[in-house]
Every structure is written in C-alpha cells, then in structure tokens.
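> next come a sequence and a model predicted from it.
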Amino acid sequence: QMQALQWLQARPNRFADTNETLSLYESLVLGETWRIIQLYALVTLYYASGGKSWTYQSGFLSERHECLWIGTNNQGIFIGISCSEDDRITQLSLWEINATGYIPTEIGLLNHLQALGARANDLHGS
C-alpha cells in the first residue's frame with residue numbers, strides 16, 4: 001500500500017491522456033475522489049502481484065489514463081483494463097502475465113468491477 005501511495009504522490013500533476021488536464025487536487029475539488037481511489041486500487045494490485053516482473057506490462061503505471069492501460073500477449077489475448085463510458089473500471093484481464101503474489105483487498109475498492117481474469121499466474125487472495 002505504501003508503494004501505491006508513493007506512486008500517486010510522485011505522479012505528475014496532470015493526467016497525460018487526450019483531453020483530461022485535471023490534477024489530482026482538482027479531481028478532489030470536483031468530487032472525483034473515485035478516480036484517485038481507482039488508481040490507488042490498481043497500483044496496489046500492481047505492486048502486490050509483482051508488477052515489475054509481469055511478462056506484459058500493457059501500459060500499467062504509464063502516464064496514460066488508466067482506461068488506456070491495455071495491450072495483448074503473444075497469443076493475441078487482451079491484457080489490461082476495460083472501462084465503462086464514464087471511465088469506471090469494469091474488467092481487469094491479467095491472463096498469463098507471470099503475476100506472482102496476492103490479490104490485495106483494495107481490489108474491492110473498484111466497485112464497478114464485474115470481472116477479473118487472472119488465469120495462469122501464481123496469485124492468491126480473495
């Protein structure tokens with residue numbers, strides 16, 4: 001959890017996606033705390049599951065909007081995040097990425113999450 005908080009703190013003031021120029025502070029002021037919580041949950045998952053060693057990073061922890069943290073593996077299987085029209089995370093696909101560790105309880109903060117695919121990894125937790 002500490003690594004996730006440090007990542008959020010060190011993140012540049014602006015999100016580097018196409019139209020959004022809100023800082024984390026501005027997101028708080030506008031009542032979009034869900035966005036910061038969503039990022040926190042994702043980054044906690046990344047560190048708890050050995051994200052630095054993942055075979056396919058799919059843009060995780062990049063400066064792009066988290067809904068653009070996507071890619072495919074060698075078999076063409078989608079890896080990354082799917083979001084609703086209002087940018088709430090609905091699916092996480094982490095299939096066969098060499099994730100090792102645990103699924104943190106913070107994953108429960110993603111209250112729009114409908115599916116988590118993590119087949120062929122060494123993960124535990126609930």
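That came in fine, so what should we check first? Residues are numbered from 1 along each chain as shown.
> apart from its chain neighbours, what residue comes closest to the spatially most central residue of the chain?
When C-alpha atoms, centre = their mean is applied to the chain, the residue found nearest the centroid is residue 42 (3.2 Å). Leaving aside its sequence neighbours, residue 42 sits nearest to residue 66 (C-beta to C-beta, 6 or more residues apart in numbering; 5.9 Å). For every residue, glycine as well, the C-beta is placed using N, CA and C.
> equivalent analysis for residue 88, please.
Using C-beta to C-beta, 6+ apart and skipping the chain neighbours, the partner closest in space to residue 88 is residue 112 (3.9 Å).
> residue 83 too?
Closest to residue 83 by C-beta to C-beta, 6+ apart is residue 67, at 3.8 Å.
> now do the strands in the protein.
With strands called from DSSP state E, the chain shows them at 70-72, 78-83, 89-93, 100-102, 115-117, 122-124.
> which other helices and strands contact the fourth one?
Okay, so that is strand 100-102. The contact analysis (3 or more C-beta pairs under 8 Å, 6 or more residues apart in numbering; DSSP states H and E) places strand 100-102 against strand 122-124.
> pull out the buried positions in the strand it packs on.
Of all the residues in strand 122-124, those buried under the rule 16 or more other C-beta atoms under 10 Å are residue 123.
> for the residue nearest to the centre of the chain, what are its contacts?
If you count contacts by C-beta atoms under 8 Å, 6 or more residues apart in numbering, residue 42 has them with 60, 66, 69, 81, 89, 110.
> drop anything exposed from these.
Buried residues within those, counting neighbours by 16+ other C-beta under 10 Å: 60, 66, 69, 81, 89, 110.
> which of the residues you listed sit farthest apart?
Within the buried ones among the contacts of residue 42, 60 and 110 form the most distant pair, 14.4 Å apart (C-beta to C-beta).
> the strands of the chain: which one's closest to residue 37?
Among these, the nearest to residue 37 by C-beta to C-beta is strand 89-93 (10.6 Å).
> what's the spacing between that closest one and its chain's center?
In terms of C-alpha atoms, centre = their mean, to the nearest Å, the centre of strand 89-93 is found 9 Å from the chain centre.
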